[in-house]
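Undergrad: predicted model, plus sequence, below.
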Protein chains: 2
Amino acid sequence: MATAPLRIGFLGFGVVGTGTYRMLVDNRESISRKVGAPLDVAKIGIRDPQKPREAPDALFTTDLEGIVDDPDIDMIIEVMGGVEPAGSLIERALRNGKHVVTANKELIAKRGGPLIRLAAANSLDLHFEAAVGGGIPLIQPLKHQLAGNDVLKLMGIVNGTTNYILTRMTEQRMSLEDALGEAQRLGYAEADPTADVDGHDAQCKLAILSGIAFGRETPVDCVYREGIRGLTADDIHFAGILGYRIKLLGIAEAIGPAVLARVHPTLLPKKHPLANVHDVYNAVQIRGDFVGDVIFSGRGAGSDPTGSAIVGDLIDVARNIRLGGAGNVIAPETGGQFLTIDSLVSRYYLRMRVDDKPRVLGQIASRLGEFDVSLTDMEMRVLDAAAGTGEIVFLTHECRESDFRQATEALDDTCGVREIATWLRVETREA
Amino acid sequence: MATAPLRIGFLGFGVVGTGTYRMLVDNRESISRKVGAPLDVAKIGIRDPQKPREAPDALFTTDLEGIVDDPDIDMIIEVMGGVEPAGSLIERALRNGKHVVTANKELIAKRGGPLIRLAAANSLDLHFEAAVGGGIPLIQPLKHQLAGNDVLKLMGIVNGTTNYILTRMTEQRMSLEDALGEAQRLGYAEADPTADVDGHDAQCKLAILSGIAFGRETPVDCVYREGIRGLTADDIHFAGILGYRIKLLGIAEAIGPAVLARVHPTLLPKKHPLANVHDVYNAVQIRGDFVGDVIFSGRGAGSDPTGSAIVGDLIDVARNIRLGGAGNVIAPETGGQFLTIDSLVSRYYLRMRVDDKPRVLGQIASRLGEFDVSLTDMEMRVLDAAAGTGEIVFLTHECRESDFRQATEALDDTCGVREIATWLRVETREA
């Protein structure tokens, strides 16, 4: 069933583009068999023609508009990253009748809705499996195999860089700075680590997953975000004593008709499957009303795994072009209702420096109790016997975040608290 | 975008059929929104009209041919199980132009090839996500998001009943008989547990996964099969001391141009992700040349998870009917090459009763060495000090199964071995 090749144009050719290209070349024969036609790379658009690249020179051009306007190109792979000019180029490609596959989480998180609707209106495919979780199938299984479920909650490790840093801090008792430095040397973290460390990357990914899982376009700024910068080796140590590991989680859940979506470091029981996802691995747990909990895990970044997701999308698009069915898109609805973090009900971890005196514990418990915050587990150690200061760590029962915040603000000298060092949210269910 | 409802006919209405029906009713509105049309259950075909059922009486009929011949029915859900009459009814439905979703692993494993080709020839969908792993997305992700990869290996826990039994044997030190009895009382095992305990169920599921992963129709009898019946609490205990858990795994891997597929109890390092999948949960690890290892886990059986997979398939079919693209099927090729278990290269676990005498260890090692089998880890205990017998457990280095089998046959009185109690295969890589 050999038919005419389908022609691909690349926008961008960095790490992910190179992995995608290599997969198309290395597995050309089996891909061609699955599609029913060869996939040919026709043009590769780049900005800097001087860099050495792993593809024939003749493919490269700096005329990116020329690629999205080229009538001989059927499909666009966008791997430039960033909102612009990627967004305008994709829009132009869609208006020109081209199918698009992108790995661009920031663009999809911030402008995915209009682009998806434009694709649907033109009976075109716009796929972005690679935008979340690298090579792990997540977005399409949510859209298809799990589509019969009302999703109740999803929770995942979606940033490999911070997971690597936390793993090293946990296993080697490294400081955040040292672990970050190591991640940078290994190429797992950027020179400017802000997007990863401060949770922006995870925030975009969670916005995308939430949009699909709950069928409601989730604006990035409706996702509460807190990174790992404030975490210390002490917190990881205390969490460990109490039976928990700390992970940077993206969590989105349906609460009545609304969605609460949040990214923050979280204490997870050591037996929880996500607590056992280490290094640069990603994993996402999805809870549906019928399927229960399913978990997807694997390498969440890197040229080859991300290339795998792009090529998977590309094969789907190519088969749709050949056999019909392109543009079979479910666009999330707009106008969803999102809760702020204040309305969260959670358990909390609280570490503070206190006066090491007999009645301090009772005073703290009483003060917190005034705000409906009650304590469960506790650990303490003496910091400075001479100065009479100690460090104390509590876990609380479930309470409202707004109450918890007020309660911590009320903890002061009068109840023997010198300083609140850290507080973190705790997930309690083990599976 | 409300359009005319799509009409569904059920063949069978047992546990899985009831879960599927309940999901279609409970989530009718969100499903209808995703499809762009309501999904209506038009008829339900059953064999015994006397049983009480969770659906309106008017839907039921014992005329199953009437359902697959009904020109008003668009899609068939087959949840009868067994090769016949399910196979003939599905074939007739496909010849009548109806799309089919089935949960029938035995049928797909044994006659899937011709049925898939018949569906493709008629531009119809034939989906069977529910046949393996209950609600866990596995088959479609292999066909789509992972399709760019050459799959190197897949390995999974695909039978929840035996995983429950092994979990109880491990955690409560129960005997196989007691754990099986408990599983039967809880409804996790059938009165006749042969299909689960002897590995037939896992064999069918692995044949299906192998066919899709390697693109080659995998005949069930090309999958080596060994159940858990021979396992004792002693083996689980010794495996634990050596750092392993025992799981019933289905494993299929590409070896040159051929595939070696096998189901048997396997020692897995305790840190391996699959070693930490307990109770009735299923999990499958897929290793692709680009994506690396991805793992999918969740509930592998039960009415609601399996219903979730069926409804996911149904939504895809329904969208294809509305928007085009049905029959976008990749049929595995026939004529693949399959290796027998003799050519396996593996590590092995070996437990035997021996004379508790000084030179026995050396004699055993020498005898095994004649067959290129060498030993690594060892544990032993005295069984009967008066009689001078002990029990000894070895792990071997990697060797060929044919060599290993010959070696164990050569272990006899002359080297101090009274009886070979058990031998099992060992997976060594941790991830």
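TA: Alright, I've got the coordinates.

Undergrad: near chain B, which residues of the stretch 1-150 of chain A?
TA: Contacts of the stretch 1-150 of chain A with chain B, taken as Cβ under 8 Å from any Cβ of the partner chain, map to A:19, A:23-24, A:26-27, A:30-31, A:33-34, A:129, A:135-137, A:140-141, A:144-150. (Each C-beta comes from the backbone N, C-alpha and C, glycine too.)

Undergrad: tell me how many other residues crowd A:Thr3.
TA: Applying other Cβ atoms under 10 Å in any protein chain shown, we find 10 residues neighbouring A:Thr3.

Undergrad: now it. Nearest residue, chain neighbours left out?
TA: Spatially, and ignoring its direct neighbours in sequence, A:Thr3 is nearest to A:Ala37 (4.5 Å; Cβ to Cβ, 6 or more residues apart in numbering or on different chains).

Undergrad: got a pLDDT number for that neighbour?
TA: pLDDT for A:Ala37: 93.

Undergrad: residues in contact with it?
TA: Listed by Cβ atoms under 8 Å, 6 or more residues apart in numbering or on different chains, the contact set of A:Ala37 reads A:Ala2, A:Thr3, A:Ala4, A:Pro5, A:Leu6, A:Ala318, A:Arg322.

Undergrad: what of A:Leu6?
TA: Here A:Leu6 is in contact with A:Val35, A:Ala37, A:Pro38, A:Leu39, A:Asp40, A:Asp74, A:Met75, A:Ala318, A:Ile321, A:Arg322 (Cβ under 8 Å, 6+ apart).

Undergrad: that older thread, state whether the residue nearest to A:Thr3 is indeed within a strand.
TA: No: A:Ala37: not assigned to a strand; according to DSSP: H, G, I helix; E, B strand; the rest coil it is coil.

Undergrad: isn't A:Gly211 up against A:Pro219?
TA: No: when contacts are counted by Cβ atoms under 8 Å, A:Gly211 is not listed as touching A:Pro219 (9.2 Å).

Undergrad: between the two, which one's more packed in?
TA: The residue with more neighbours, out of A:Gly211 and A:Pro219, is A:Gly211; 27 against 17, by other Cβ under 10 Å.

Undergrad: which helix or strand lies directly C-terminal to the strand or helix carrying the more buried one?
TA: Here A:Gly211 sits within helix A:200-214, counting by DSSP states H and E. Using DSSP H and E, the helix or strand that follows helix A:200-214 in sequence is strand A:223-225.

Undergrad: sheet partners, orientation included, of that next one?
TA: Using DSSP bridges, the strands paired with strand A:223-225 are strand A:258-269 (parallel).

Undergrad: just the angle between the very next helix or strand once past the partner strand and helix A:200-214, please?
TA: The helix or strand immediately downstream of strand A:258-269 is strand A:281-288, counting by DSSP H and E. With axes from the mean of the first three to the mean of the last three Cα atoms, to 10 degrees as the basis, strand A:281-288 and helix A:200-214 are set at 30 degrees to each other.

Undergrad: adjacent strands (with direction) for strand A:281-288?
TA: When sheet partners are counted by DSSP bridges, strand A:281-288 sits next to strand A:151-157 (antiparallel), strand A:292-299 (antiparallel).

Undergrad: and for that strand, what are the contacting residues?
TA: Strand A:281-288 has contacts (Cβ under 8 Å, 6+ apart) with A:132-134, A:136, A:138, A:142, A:146, A:149-160, A:163, A:209, A:213, A:273-274, A:277, A:293-301, B:135, B:308.

Undergrad: what about burial for those, which qualify?
TA: Buried members of these, counted by 16 or more other Cβ atoms under 10 Å in any protein chain shown: A:132-134, A:136, A:138, A:142, A:146, A:149-160, A:163, A:209, A:213, A:273-274, A:277, A:293-301, B:135, B:308.

Undergrad: my guess is A:Ala191 contacts A:Arg185, does it?
TA: No: A:Ala191 lies out of contact with A:Arg185 (Cβ under 8 Å); the separation is 11.1 Å.

Undergrad: got phi/psi on A:Asn104?
TA: Backbone geometry at A:Asn104, expressed as degrees, to the nearest 10, gives phi -90, psi 90.

Undergrad: and it, how far from B:Asp70?
TA: Computed as Cβ to Cβ, to the nearest Å, the A:Asn104 to B:Asp70 distance reads 47 Å.

Undergrad: looking at these two now, which is surrounded by more residues?
TA: The neighbour count for A:Asn104 versus B:Asp70, taken as other Cβ under 10 Å, is higher for A:Asn104 (27 against 19).

Undergrad: from A:Val68, how far out is that one?
TA: 15 Å.

Undergrad: in the stretch 201-350 of chain A, which residue sits nearest chain B?
TA: A:Gly325 (1.6 Å; Cβ to the nearest Cβ).

Undergrad: what's the nearest residue to that residue if we skip its chain neighbours?
TA: Distance criterion Cβ to Cβ, 6+ apart; nearest residue to A:Gly325, sequence neighbours excluded, is B:Gly325 at 1.6 Å.

Undergrad: so that neighbour belongs to a strand, correct?
TA: No: assigned with three-state DSSP, B:Gly325 falls outside any strand and is coil.

Undergrad: surely it meets A:Gly327?
TA: No: contact between B:Gly325 and A:Gly327 fails when scored by Cβ under 8 Å: they sit 9.2 Å apart.

Undergrad: part of a helix, is A:Gly390?
TA: No: counting by three-state DSSP, A:Gly390 falls outside a helix, being strand.

Undergrad: beta partners for it?
TA: For A:Gly390, the beta-bridge partners are A:Val354, A:Val382 (DSSP bridges).

Undergrad: do the same with A:Val284
TA: The partner residues for A:Val284, given DSSP bridges, come to A:Gly156, A:Phe296.

Undergrad: and it, what's its pLDDT?
TA: A:Val284 carries a pLDDT value of 98.

Undergrad: now do the one helix or strand in chain A whose mean pLDDT sits lowest: which elements does it pack against?
TA: One helix or strand of chain A scores below all others by mean pLDDT, DSSP states H and E: strand A:375-384, with a mean of 86. The contact analysis (3 or more Cβ pairs under 8 Å, 6 or more residues apart in numbering or on different chains; DSSP states H and E) places strand A:375-384 against helix A:360-369, strand A:389-396.
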